[in-house]
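Q: Structural data only, the sequence is not supplied:
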DNA sequence: TTCTTTTTGATACGGTTTATCAATTTCAAC
DNA sequence: GTTGAAATTGATAAACCGTATCAAAAAGAA
């Protein structure tokens, strides 16, 4: 039984529902993806080049977008690149980002999440996921 | 006295401090920008094409970025494009986004903002801006 | 007006992501 | 296990957004 059996199951269920196929590449990419907190397609391309030198960049992009549709990943446009966040790994985490040095601090706050639910239900929405990013200066860069 | 005298003053002060010049284009773009809640460079390009067919896209980008530096605007990567938000117009607004039909509802919530400040200061950060997006199903799409 | 500095507009460019398509792989039906 | 229809892959071309470049024009102080 694989380390990522649960997520592999989520993927297979999504594939089944959409007449898509389970391939060696999709398995390989999911395994690598789940070891990360967040990663770009380019980073994953280089990382997997050792395991499979013929794995194409387009396949990485396609597969990471597939993960988003399956609810396993979440795309986040950061600067000029797209970060793919690992959603299944642990509870959702939000980001504090220093606009000067790029430092990223992850955090979780139940109170904020509860208020989000409130806002959503007040507007008739059911939340599936969310994204919260706070941009500012870290203590070092403020001086 | 123009309708946007205050913001025009903010711009002029920024220009003065940085040895930059007040131009017809900057005035034109600021006037158009302040009438919007948020806009992309491309949208503004088409919108202003009627008033000044020779206004270049590069100038729009440069000027909107200038507004960000002056604190009048705020860039936000939304989908593949960059949205420039009108900061002076009113308080920051966040988004509720339906993942099924694409409907977008804007909202503001002081309690959430206060908690954000708390999280930031606990981590030694000073917030400059933030971004909060809630993804889910609207009442119509849930059924 | 003059002269220096900044800005503009047109377009080339760079980096990221998607589209294209022939060859390959999957997988359900035999 | 073969077969065959349908989906996927890999390589690369193309699209897209935003920035850099640079000669010509405009701003603004002297």
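A: That came in fine, so what should we check first? Predicted, not measured: the structure shown is a model, and the values here were computed from it.
Q: Identify the single longest strand in chain A, thanks.
A: The residue-count maximum for a strand in chain A (DSSP state E) belongs to strand A:126-137.
Q: who touches that one?
A: Residues from elsewhere that reach strand A:126-137, judged by Cβ atoms under 8 Å, 6 or more residues apart in numbering or on different chains: A:71, A:74, A:76, A:87, A:92, A:94-100, A:112-113, A:116-117, A:120, B:99, B:116, B:119-120, B:125-137, B:142. For every residue, glycine as well, the C-beta is placed using N, CA and C.
Q: same check, this time on stretch A:16-29
A: Stretch A:16-29 has contacts (Cβ under 8 Å, 6+ apart) with A:8, A:11-12, A:14-15, A:44, A:48, A:51-52, A:55, A:59-60, A:63-64, A:66.
Q: Low-confidence ranges, chain A, go.
A: Chain A contains residues with pLDDT under 70 at A:1-2, A:89-92, A:99-102.
Q: Minimum distance to DNA strand C, which residue of it gives it?
A: Nearest residue of chain A to DNA strand C: residue A:82, at 2.9 Å (Cβ to the nearest atom of the strand).
Q: ok, that residue - how many residues close by?
A: 17 (other Cβ atoms under 10 Å in any protein chain shown).
Q: Contacts only, for the nearest residue to it once chain neighbours are set aside.
A: Of all residues not flanking residue A:82 in the chain, residue A:75 sits nearest, at 5.4 Å (Cβ to Cβ, 6 or more residues apart in numbering or on different chains). The contact partners of residue A:75, by Cβ under 8 Å, 6+ apart, come to A:64-65, A:68, A:82-85.
Q: Quick one: buried ones out of these?
A: The neighbour count (16 or more other Cβ atoms under 10 Å in any protein chain shown) marks A:64, A:68, A:82-85 as buried among those.
Q: Mind picking the two most distant members of the residues you listed?
A: Largest separation among the buried ones among the contacts of residue A:75 by Cβ to Cβ: A:68 and A:83, giving 11.6 Å.
Q: Residue A:48 and residue A:30, how far apart?
A: 11 Å (Cβ to Cβ, to the nearest Å).
Q: between the two, who's got more neighbours?
A: residue A:30 (24 against 19).
Q: Across the sheet, point out what pairs with the residue nearest the centre of chain A.
A: The centre of chain A sits closest to residue A:85, judged by Cα atoms, centre = their mean, with a distance of 1.7 Å. On the basis of DSSP bridges, residue A:85 is bridged to residue A:38, residue A:74.
Q: ok, it - contacts?
A: Contacts of residue A:85 (Cβ under 8 Å, 6+ apart): A:37-38, A:73-76.
Q: Does DNA strand D have contacts with stretch A:41-59?
A: Yes. Contact of stretch A:41-59 with DNA strand D (Cβ under 7 Å from any atom of the strand) involves A:52, A:54-59.
Q: wait, does that stretch contact DNA strand C?
A: Yes. On the criterion Cβ under 7 Å from any atom of the strand, stretch A:41-59 is in touch with DNA strand C at A:41-42, A:57-58.
Q: List the strands paired with the longest strand of chain A, with their directions.
A: Using DSSP bridges, the strands paired with strand A:126-137 are strand A:94-98 (parallel), strand B:126-137 (antiparallel).
Q: ok, back up a step: from residue B:99, how far off is the residue nearest to the centre of chain A?
A: 16 Å.
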